[in-house]
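Q: no FASTA, just this:
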């Protein structure tokens, strides 16, 4: 199938990529920079619950947590967004009223995307109609692996249209695409097809986000910025569980894309358990010792 | 560095790295004596010189200056140990000593890494993650060979050579000591080692490890001093084998003085390696590899990829990427864990680098350096690059041995080979392309001892290292590294 991208897609050398990625894990953040880094990370979290067992009650808890992750004295910012299944968007919007925190919804037959396109588009429209300000779509990995890039690109464009004013995050599920070259290719493709954000994973497949894979996304975004001046966001999701990991990602963002991307508008974490570990660390810094997890409220 | 809390509208934090220095409760002595016949002894002339911390310009310790009489005593001790202890010892036993030394190095690797960074100026990230692990690995590797020499040279009867005189440079002080000492001892030789004048401290701590390992007295002797001490060692009649790593000009003098004697000689000298980047290279990793190839250890690396040959069609884009990456490098305190580029090893070396850079600018090459601040005291040079370089410029021909890259272009693989080989050196080269067949074809034609493909500055004790042409002769590392220390 003839399909061409506007920008070239350079090949990736896995050894070199992983070596570069490991360098970010060796930076040392201390004192004030650690505190501001951890708070920044909180403000970038798309606090997420994506379970079959999700209920309105569970989403209410999550929304409260996103509004005020920690007691006031810790001066901890709210999360970037709350991310739920389409069915719970309306409830989440109600719970977050007045907070300014947007509701993100997964859509397009999340997590597999193996549904007819019109159903997937209706999925998006319903979520947007229910009040979702951000849509996290999944690409058709099957089509990508078949080599039908035109279809993948076309679907993204159509979803973008269905989003209207909602922000579009495109999930690749890099754990299923497997090779770094595939990740670079799909990143460029999604950006050219209209993604506002590119996102590594659904969180339902292992491995989810890794530092090398996220580095490829960041590099693609950087190259796109230098050739067009357009800024695209990046969202690693799944597998980021500790404050230490979050800081390593932030170091990578800073050193690859610069300080401008150190903002929730251009970088997000898709995570659920990460917040608890950051709370633990912020609590330790503020109070001088680690508290038992019982002292921190559940989401 | 400053803990700024600038509130920009879009970016609330800057995520500056606060200083993260290694704590330094290391056993740095005020004074280091000579290590002869298993003991630390004062130099016969009673004189000492200062070893300076290049990151501050302040003296760290006093180092003994070995006189001819001290060198003589060291060689005699090595001869005595060779005849009556080390050489007759069963090879299995010799191997045990080497294993013991390797383990002690691992145990003390943190303090040795800190000392190495304090004395030499290299970033702690490198001394901790590169130098020290490799030092231990070399001893482990050759410890394994000690009782298996007959397998290394099947059908032959490898015998030790005698007393080895070894002179090492200041860029990888401990690592070069390990490269020299480990194979010599494994083959049953004894050693007199002369570390570089500016970086003697860790060698003396290595001597303490030899004592702790119970290495018989005289098997390794360490004499410190400047060039004349090295000359006295090399010209000494009691030496059977000379191993030298350092500059090509000194190497030539050594070869002259050794000519017509029975002494075996290996030389590992300078380089001006070509790093060749094709238009089909994994570009992001190539940028990283070129940066690592030239700025590793402030460019104080004989195999540094100091000539970048980039395919003309991607020259502008590649140089733009290199400049962006250079702008993000952190130059500063070698003991800070976040430092990418440390201090230039000595005032003299800083002068040499500056002189060559000045000549490059005068000859018309375009100079680029980042705006990063440099510490006030000590010896510093920003990571930098020259574009618009022609093959006749001195920055394209001479070894700068500093953090300065010269960028040139080529059109075809054949031209790349021609340009890469157009140098009096031949130590190493790099190839960057996604095409395997191109790597093999290029590597076949490059006149360089080591050719790296899609990576750079990778070392392993099992892999031989050494040069073509004026980069020297003889190999160190691996099975090949045994050869200079045996007679067959």
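A: Noted; the coordinates are in hand. This is a predicted model, so every value here is computed, not measured.

Q: low pLDDT regions in the chain?
A: I'll assume chain A. Residues of chain A that meet the criterion pLDDT under 70 lie in A:1-2, A:299.

Q: please go with chain B instead
A: B:1-14, B:24.

Q: rerun that using 90 as the cut-off
A: When the per-residue scores of chain B are filtered using pLDDT under 90, the ranges that remain are B:1-27.

Q: Give me the most central residue, it.
A: When CA atoms, centre = their mean is applied to chain B, the residue found nearest the centroid is residue B:172 (3.7 Å).

Q: Look up the closest residue to that one, ignoring the ones flanking it.
A: Nearest non-adjacent residue to residue B:172, counting by CB to CB, 6 or more residues apart in numbering or on different chains: residue B:131, 6.1 Å away. (Glycine included, C-beta is placed from N, CA and C.)

Q: for the one you found, what are its contacts?
A: Neighbour list for residue B:131: B:113, B:116, B:122, B:172, B:174-175 [criterion: CB atoms under 8 Å, 6 or more residues apart in numbering or on different chains].

Q: Let me have the residues you listed in a markdown table, extended by distance to residue A:45 and secondary structure.
A: Compiled in a markdown table, the contacts of residue B:131 are given as follows (distance: CB to CB, whole Å; DSSP: H, G, I helix; E, B strand; the rest coil):
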| residue | distance to residue A:45 | secondary structure |
| --- | --- | --- |
| B:113 | 37 | helix |
| B:116 | 41 | helix |
| B:122 | 39 | coil |
| B:172 | 44 | coil |
| B:174 | 45 | helix |
| B:175 | 44 | helix |
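
Q: Quick check: the farthest pair among those?
A: Pairwise distances among the contacts of residue B:131 were taken by CB to CB; the largest, 12.2 Å, belongs to B:113 and B:172.

Q: what sits against residue 133?
A: Assuming you mean chain A. Counting by CB under 8 Å, 6+ apart, residue A:133 touches A:81, A:102-104, A:165-167.

Q: um, chain B though
A: Contact analysis of residue B:133 by CB under 8 Å, 6+ apart lists residue B:109.

Q: so it is in which element?
A: When secondary structure is defined by DSSP states H and E, residue B:133 falls within helix B:132-145.

Q: Those residues of the stretch 151-299 of chain A touching chain B, which are they?
A: For the stretch 151-299 of chain A, the contact set with chain B under CB under 8 Å from any CB of the partner chain comprises A:219, A:250-251, A:254-255, A:259-260, A:262-263, A:265.

Q: now those residues as a markdown table including neighbour count and secondary structure?
A: Shown next, in a markdown table, are these (neighbours: other CB atoms under 10 Å in any protein chain shown; DSSP: H, G, I helix; E, B strand; the rest coil):
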| residue | neighbour count | secondary structure |
| --- | --- | --- |
| A:219 | 20 | helix |
| A:250 | 26 | helix |
| A:251 | 22 | helix |
| A:254 | 24 | helix |
| A:255 | 19 | helix |
| A:259 | 16 | helix |
| A:260 | 16 | helix |
| A:262 | 23 | coil |
| A:263 | 22 | coil |
| A:265 | 16 | coil |
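
Q: Run a quick neighbour tally on the residue of chain A found nearest chain B.
A: Across chain A, no residue is closer to chain B than residue A:16, which sits at 2.9 Å (CB to the nearest CB). Other residues lying near residue A:16 total 21 when counted by other CB atoms under 10 Å in any protein chain shown.

Q: From residue A:210, how far off is it?
A: For residue A:16, the distance to residue A:210 under the criterion CB to CB, to the nearest Å works out to 15 Å.

Q: From chain A, how far off is the residue nearest to the centre of chain B?
A: Applying CB to the nearest CB, to the nearest Å, one obtains 20 Å for the distance of residue B:172 from chain A.

Q: residues of the helix holding residue B:133 that come out buried?
A: Using 16 or more other CB atoms under 10 Å in any protein chain shown as the burial criterion, the residues of helix B:132-145 that qualify are B:132, B:134-145.

Q: ditto for stretch B:273-290
A: Neighbour-count burial for stretch B:273-290, with 16+ other CB under 10 Å as criterion, is recorded at B:273-279, B:281-290.

Q: Wait, residue B:302 touches residue B:245, no?
A: Yes - with the criterion set as CB atoms under 8 Å, residue B:302 and residue B:245 qualify as a contacting pair; they are 7.5 Å apart.

Q: Need the residues touching each of the two.
A: What both residue B:302 and residue B:245 touch, as defined by CB under 8 Å, 6+ apart, is the set B:169, B:268-269.

Q: CSV please, covering those residues and showing secondary structure, distance to chain A and neighbour count.
A: Conversion of the shared contacts of residue B:302 and residue B:245 to CSV gives the following (DSSP: H, G, I helix; E, B strand; the rest coil; distance: CB to the nearest CB, whole Å; neighbours: other CB atoms under 10 Å in any protein chain shown):
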residue, secondary structure, distance to chain A, neighbour count
B:169, coil, 26, 22
B:268, strand, 26, 28
B:269, coil, 29, 27
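
Q: Next, the contact list for the residue in the stretch 201-350 of chain B that chain A sits nearest to, please.
A: Closest to chain A within the stretch 201-350 of chain B is residue B:285: 2.9 Å, counting by CB to the nearest CB. Contacts for residue B:285 (CB under 8 Å, 6+ apart) come out as A:12-13, A:15-17, A:20, B:432, B:454.

Q: three-state assignment of it?
A: Secondary structure state of residue B:285, per DSSP: H, G, I helix; E, B strand; the rest coil, is helix.

Q: and the closest residue to it other than its chain neighbours, what helix or strand is that in?
A: With CB to CB, 6+ apart as the criterion, residue B:285 has its nearest non-adjacent residue at 2.9 Å, and that residue is residue A:16. Per DSSP H and E: residue A:16 is located in helix A:14-24.

Q: From residue B:135, how far off is residue B:141?
A: 11 Å.

Q: before we move on, back to that, filter the buried residues of stretch B:273-290 down to the ones in helices?
A: Among the buried residues of stretch B:273-290, the members found in helices (DSSP state H) are B:283-290.

Q: Relative to residue B:459, which of those is nearest.
A: Set against residue B:459, the nearest of these by CB to CB is residue B:289 (14.7 Å).

Q: The closest one reaches residue B:432, doesn't it?
A: Yes - with contact defined as CB under 8 Å, residue B:289 reaches residue B:432; the gap is 6.6 Å.

Q: Done for today, thanks.
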